[in-house]
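Engineer: 3D, please:
(one chain, ligands or ions: 2)
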Amino acid sequence: MGFMAGKKALIVGVASDRSIATGIAEAFAREGAELAFTYQNEKLKKRVDKLAARLDSKLTYELDVASDDNIREVFDAIGKDWDGIDVLVHSVGFAPRDQLDGTFVEAVTREGFTIAHDISSYSLAALAKAALPLMEGRQSSILALSYLGAVKAVPHYNVMGLAKASLEACIRFLAADLGPRGVRVNGISAGAIKTLAASGIGGLRKMLTHMEKVSPIRRNVTIDDVGNAAAFLCSDLAAGITGEITYVDGGYNIVGMHLDDD
Ligand code: NAD
Ligand code: 0WE
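Structural biologist: Ligands and ions are numbered 1, 2, ... in the order given. All right, here's what the predicted structure looks like:
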């Protein structure tokens, strides 16, 4: 029996077979969790329905995290299909495309800042708030995805770095609030992976080659690496862990200097 047997998990953020959320869903299913999914819009419905079917789930809901009405509708609907939720995965990030070109100071605008923070950080608080009635009092947990740009200046990540810093603070505030109600809240800071959100980023290939060279494990991480760590953090094996950001980046973030010759 898997270590997530009996857990009901809602996964927000599948867009393709390469999505980090897909790797998380696969690890959860392997460990015996029951799954439900949301998709951002009609264009993504078919793909998400297909993944759900492959992982033995019939539950998919349309959810744009920019809409409070939509968030309310989705949790009303889930409350009818399930008696509660044990695991909520937030794997959503977005800034307008022009925010990720050039330098931070050139690119940043009030509108770009606002959208990045709304979709990438506030949405976690909004989902946690709406999910709470279904999650409290049942050894449940919430997981969100972050990136190194939250704590270090990474070229072109720009305002997304500020939004991820806010997301990581949101994880800590939610953990402090919801711990007494039986809900743990954690983050995974993943190394760069070629997903839809990452492709089309100028210089991604170069970044992947660099990290492969410098990171202690000498390879890039995969959605399976992230999925396995996610399954642990969202299971009762991690009952003593909340408010933490776990790096699943092959150790890239702990390196202080790299010499090319070894
Ligand atoms: P992805 O494109 O597969 O997933 C991003 C998801 O965000 C998509 O499913 C998209 O539909 C969803 N989304 C965007 N705006 C939304 C909205 N308004 N409402 C609902 N959903 C919305 O890319 P990914 O790389 O799997 O990204 C998932 C998470 O992982 C993001 O938080 C991202 O910042 C984070 N992350 C990615 C990497 C990487 O290198 N790929 C590294 C670290 C962290
Ligand atoms: O969080 C992310 C992806 C963030 C992202 C990507 C896009 C592309 C398409 C947010 N918004 C958008 N908006 C779009 O219109 N990552 C961690 C992947 C990523 O993105 C980068 C990276 C890495 C790594 C952007 C610049 C530099 C490095």
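
Engineer: and stretch 25-45, how far apart are its ends?
Structural biologist: 16 Å (C-alpha to C-alpha, to the nearest Å).

Engineer: So is it next to ligand 2?
Structural biologist: No. For stretch 25-45, no contact with ligand 2 is found by C-beta under 6 Å from any ligand atom; the gap never falls below 12.4 Å. Just so you know, the C-beta spots here come from the backbone N, C-alpha and C atoms, and that holds for glycine as well.

Engineer: quick one: average confidence on that stretch?
Structural biologist: What stretch 25-45 shows for mean pLDDT is 98.

Engineer: So that it lines up with my notes, have the first residue be 8 from now on.
Structural biologist: Done: numbering now begins at 8, and the last item shifts to stretch 32-52.

Engineer: How about it, which residues are buried there?
Structural biologist: Under the neighbour-count criterion of 16 or more other C-beta atoms under 10 Å, stretch 32-52 has 32-38, 40-47, 51 buried.

Engineer: Which positions in this protein make contact with ligand 2?
Structural biologist: 100-102, 104, 107, 154, 161, 163-164, 167, 199, 204-205, 208.

Engineer: So for those, which is the shakiest by pLDDT?
Structural biologist: Ile208 (86).

Engineer: So that one: helix, strand or coil?
Structural biologist: The local conformation at Ile208, judged by DSSP: H, G, I helix; E, B strand; the rest coil, is coil.

Engineer: my guess is it contacts Asp108, does it?
Structural biologist: No. Counting by C-beta atoms under 8 Å, Ile208 sits too far from Asp108 to count as a contact (9.3 Å).

Engineer: These two: which is more packed in?
Structural biologist: Ile208 (16 against 12; other C-beta atoms under 10 Å).

Engineer: gap between the more buried one and Ala135?
Structural biologist: Going from Ile208 to Ala135 by C-beta to C-beta, to the nearest Å gives 28 Å.

Engineer: Near the closest residue to Gly168 other than its chain neighbours, how many residues? Count them for me, please.
Structural biologist: Distances taken as C-beta to C-beta, 6 or more residues apart in numbering put Gly156 closest to Gly168, at 3.5 Å, once the chain neighbours are dropped. Here the count is done by other C-beta under 10 Å, and Gly156 has 20 residues near it.

Engineer: give the contact list for Gly156.
Structural biologist: Residues in contact with Gly156 (C-beta atoms under 8 Å, 6 or more residues apart in numbering) are 164, 167-168, 171.

Engineer: low-confidence ranges in this protein?
Structural biologist: Residues of the chain meeting the criterion pLDDT under 70: 269.

Engineer: near ligand 1, which residues of it?
Structural biologist: Neighbours of ligand 1 within the chain, by C-beta under 6 Å from any ligand atom: 20-23, 26-28, 47, 70-73, 98-101, 126, 152, 154, 197, 199-200, 202-205.
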